[in-house]
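In: here is the input, now give the coordinates:
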Amino acid sequence: MKFATVSKSLVLGAALLFASGAFAATKGSLQLNNPVTVNGTTLKPGEYKLQWEGAGPDVELSIMQGKNVLTKVPAHVVELQTPAANDAAVTQKNASGPNSLAGVRFQGKKLALDITGSGGGMQAGGSGQ
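Out: Below you'll find the predicted structure:
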């Protein structure tokens, strides 16, 4: 009986540990040095909070300033081959107006967010803002 209780506790503890690890990766921050557009919204240079929700590689990304959600956009969680060297906003050049935000990398993480839906730009490098 004692063995069953210990096993149950270990399984429950491991499940909580893995669950908390999964939820920990759902937030991040973004520093912009230049204006960018995201889903039709222009974000000015500054600090933003990121939060994403979803059960798989396809998630919904909310970009916030303080507690205000400025925009939401579909994103794709991408696994990088090596951890990102620094936090970076990956941008796409536009013919006119501000560049578009194509993705976000997080320093020391192999996890990145691709906003373009292709995933290709995240491996290639992109430009940090």
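In: report pLDDT for N94.
Out: If you check N94, the pLDDT there is 86.
In: name the nearest residue to it, sequence neighbours excluded.
Out: Nearest residue to N94 in three dimensions, chain neighbours excluded: S100, at 5.9 Å (Cβ to Cβ, 6 or more residues apart in numbering). Yep, even glycine has a C-beta here, placed from its N, CA and C like the rest.
In: element containing that neighbour, please.
Out: S100 belongs to strand 99-105 when elements are defined using DSSP states H and E.
In: from the contact counts, what lies against that strand?
Out: Judged by 3 or more Cβ pairs under 8 Å, 6 or more residues apart in numbering; DSSP states H and E, strand 99-105 is in contact with strand 36-38, strand 88-92, strand 111-114, helix 120-124.
In: need the contact partners of the shortest one.
Out: Okay, so that is strand 36-38. Outside strand 36-38, the residues that touch it by Cβ atoms under 8 Å, 6 or more residues apart in numbering are 42-43, 63, 71, 73, 89, 91, 94, 97-101, 115, 129.
In: for T26, see how far away the residue nearest the centre of the chain is.
Out: Nearest to the geometric centre of the chain sits L113, at 4.4 Å (Cα atoms, centre = their mean). Noted for L113: a distance of 11 Å to T26, by Cβ to Cβ, to the nearest Å.
In: what segments of this protein are strands?
Out: Assigned by DSSP state E, the strands in the chain fall at 27-32, 36-38, 41-43, 46-53, 58-65, 68-79, 88-92, 99-105, 111-114.
In: residue contacts, G28?
Out: K49, L50, Q51, V104, F106, L113.
In: give the contact list for the first one.
Out: Spelled out, that is K49. The contact partners of K49, by Cβ under 8 Å, 6+ apart, come to K27, G28, S29, L30, I63, M64, Q65, G66.
In: mind redoing it with 10 Å?
Out: 27-30, 62-70 (Cβ atoms under 10 Å, 6 or more residues apart in numbering).
In: right, I'll leave it there.
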